[in-house]
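>>> sequence isn't available, so here's the structure alone:
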């Protein structure tokens, strides 16, 4: 059971990190969309 | 409790008392109970009396302290709690993600425009920019009659293509809102602009920055009808960026004409 819980913990942390990164990127894009534009200054 | 009266119940309680992670105790008790019942049933089948069979089944299990210690190691309270806490932790951004999806799809139309823009659709009549504002200074709010408009900055791009020099006006940020004190504002991505040709004539159009494709598009025509639009892909290599601070835009043509005729702004 300890091994199972350890595996679950690691899985949950990975899901948390991925979702946080994804949501954070969405949030940044909403607040500051210029960051995602191509810098078209030659 | 019934099991506390029997020897099996006392044995199970003794084992469970050694397990620190309480949520695991019920499952352990059920397993031990089933195990004891099986063993007692087997002894009864061999002619042992039920009371004697139960006692012998418990005795055959061994030391409850020892079994409890082994099970306690197997059900570590740290990892048990950690898995539960992290599950809640992972569910929070998941909820945020779903909520943002609802927000996103709830506020946008099929073309990806903010619904809030439609409140100002009349004010943002792309085709008749002159009727819209008249004269806009950078850094000031203007009452259009439908809503308020604020222009935070203007970039001018000199563009040379096949011998034709043109100027492209790109509004950095065009904020619109119903009233000056209303904090709600929307950022316009399809910015209205004018492109002047060599003779000083201009066309209404708007600049579309294709962020995913990293391409700059210039679009002319009716924004509401994609059939009657012309899309020009700008060659980024020849686009020169010239920034003019506090330039009058959407004003008459005087300053803009001066700007486009100034050789300093041509590539």
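Here it is on my side, so go on. In this text, all values refer to a predicted model and were calculated from it rather than measured experimentally.

>>> show me what contacts residue 12?
All of this refers to chain A. B:83, B:86-87, B:89-90 (C-beta atoms under 8 Å, 6 or more residues apart in numbering or on different chains). For every residue, glycine as well, the C-beta is placed using N, CA and C.

>>> the chain in question should be chain B.
Residue B:12 neighbours (C-beta under 8 Å, 6+ apart): B:3, B:28-29, B:32-33, B:36.

>>> in helices, which of those residues appear?
Within the contacts of residue B:12, membership in helices is found for B:3, B:28-29, B:32-33, B:36, as judged by DSSP state H.

>>> filter the residues you listed down to the ones close to chain A.
Near chain A, taking C-beta under 8 Å from any C-beta of the partner chain as the test, no member of these is found.

>>> those residues, buried ones only, as a ChimeraX selection?
The buried residues among these can be selected in ChimeraX (16 or more other C-beta atoms under 10 Å in any protein chain shown) with this line:
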select /B:3,28,29,32,33,36
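
>>> per-residue pLDDT of residue 42, please?
Since no chain was named, I'll use chain A. You'll see residue A:42 listed with a pLDDT of 45.

>>> let's do chain B instead
89.

>>> in a strand, that's where it is, yeah?
No: using DSSP: H, G, I helix; E, B strand; the rest coil, the assignment for residue B:42 is helix, not a strand.

>>> tell me how many other residues crowd it.
With neighbours defined by other C-beta atoms under 10 Å in any protein chain shown, the count for residue B:42 comes to 12.

>>> that one and residue B:27: what is the separation?
Residue B:42 sits 23 Å away from residue B:27, going by C-beta to C-beta, to the nearest Å.

>>> residues contacting residue B:55?
residue B:7.

>>> could you look up the SS state of it?
Classification of residue B:55 by three-state DSSP places it in helix.

>>> distance check, it against chain A.
Computed as C-beta to the nearest C-beta, to the nearest Å, the residue B:55 to chain A distance reads 30 Å.

>>> what is the helix or strand containing residue B:78 packed up against?
Taking DSSP states H and E as the criterion, residue B:78 maps to helix B:77-107. When contacts are defined as 3 or more C-beta pairs under 8 Å, 6 or more residues apart in numbering or on different chains; DSSP states H and E, helix B:77-107 sits against helix A:2-31.

>>> let's see that with 10 Å instead.
helix A:2-31, helix B:115-119 (3 or more C-beta pairs under 10 Å, 6 or more residues apart in numbering or on different chains; DSSP states H and E).

>>> now the angle between helix A:2-31 and it, please.
Orientation check (axes from the mean of the first three to the mean of the last three C-alpha atoms, to 10 degrees): helix B:77-107 against helix A:2-31 gives 30 degrees.

>>> could you report the neighbour count for residue A:24?
12.

>>> pLDDT wise, what is it at?
84.

>>> so which bits of the stretch 1-150 of chain B are right by chain A?
B:21, B:24, B:27-28, B:71, B:73-97, B:99-101, B:103-104 (C-beta under 10 Å from any C-beta of the partner chain).
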